[in-house]
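Undergrad: whatever this is, show me its structure:
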Amino acid sequence: MPYEKQLESPEGRKLLSALRRTIGKLSDVTEVIDGFGHTTFKVREKSFVIAGMGEAGTAISIKSDLTTQDALIRRGPYYRTPYIGQHGWISIDAPLSHDWSEVEELIADGYGLVASKRATARTRRATPPAKKKPARKKR
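TA: This next block holds a predicted model:
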């Protein structure tokens, strides 16, 4: 399978679309196909998300710190990424079938680990604050 076609299955296209929606909110990110055919998202030439096909279909790897990695692996469904796990990377198979909001938070955390403070600040300014629900009146 040609590398650039690795995520061209319907499931792969759905994953790429979801990743692009999430990562598109972050500043200074580039998307490249690495030498192994994985779609890789980088900031300042440093990878923070890698997407490809695993044994169980789609899979992503996310940059993390070692403490978070340990907690996620103990809880599951995350596992230590082969070859780069010693640097804190975690992976999850079929990420769209899991809690996507948690995956989005992990992606944002991974971005924060590799992005400059300036890029992180631009992202925060560009992201509208969450709407608060009005307080309920006491009767």
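Undergrad: the residue most central in space within the chain is in what secondary structure piece?
TA: Taking CA atoms, centre = their mean, the centroid of the chain lies closest to I107, which sits 3.4 Å from it. Here I107 is covered by helix 100-114, with elements defined by DSSP states H and E.
Undergrad: thought G52 was touching T81?
TA: No: G52 is not in contact with T81 according to CB atoms under 8 Å; the separation is 11.1 Å. C-beta coordinates here come from the backbone N, C-alpha and C atoms, glycine included.
Undergrad: ok, and the helix or strand in the protein with the lowest average confidence?
TA: Of all helical and strand segments in the chain, the minimum by mean pLDDT, DSSP states H and E falls on helix 117-126, at a mean of 62.
Undergrad: so in terms of bridging, what pairs with K42?
TA: Per DSSP bridges, the residues bridged to K42 are T30, S47.
Undergrad: what's the burial count for it?
TA: Neighbourhood size, K42 [other CB atoms under 10 Å]: 17.
Undergrad: ditto for L106
TA: Using other CB under 10 Å: L106 sits among 22 other residues.
Undergrad: tell me the contacts of it?
TA: Neighbour list for L106: I62, S64, T68, L72, I90 [criterion: CB atoms under 8 Å, 6 or more residues apart in numbering].
Undergrad: quick one, which of those are buried?
TA: In those, burial by neighbour count holds for I62, S64, T68, L72, I90, counting by 16 or more other CB atoms under 10 Å.
Undergrad: the strands in the protein, which residues?
TA: Here the chain has its strands, by DSSP state E, at 29-33, 39-43, 46-54, 57-62, 79-80, 90-93.
Undergrad: doesn't D65 make contact with L113?
TA: Yes: L113 is within contact range of D65, at 6.7 Å (criterion: CB under 8 Å).
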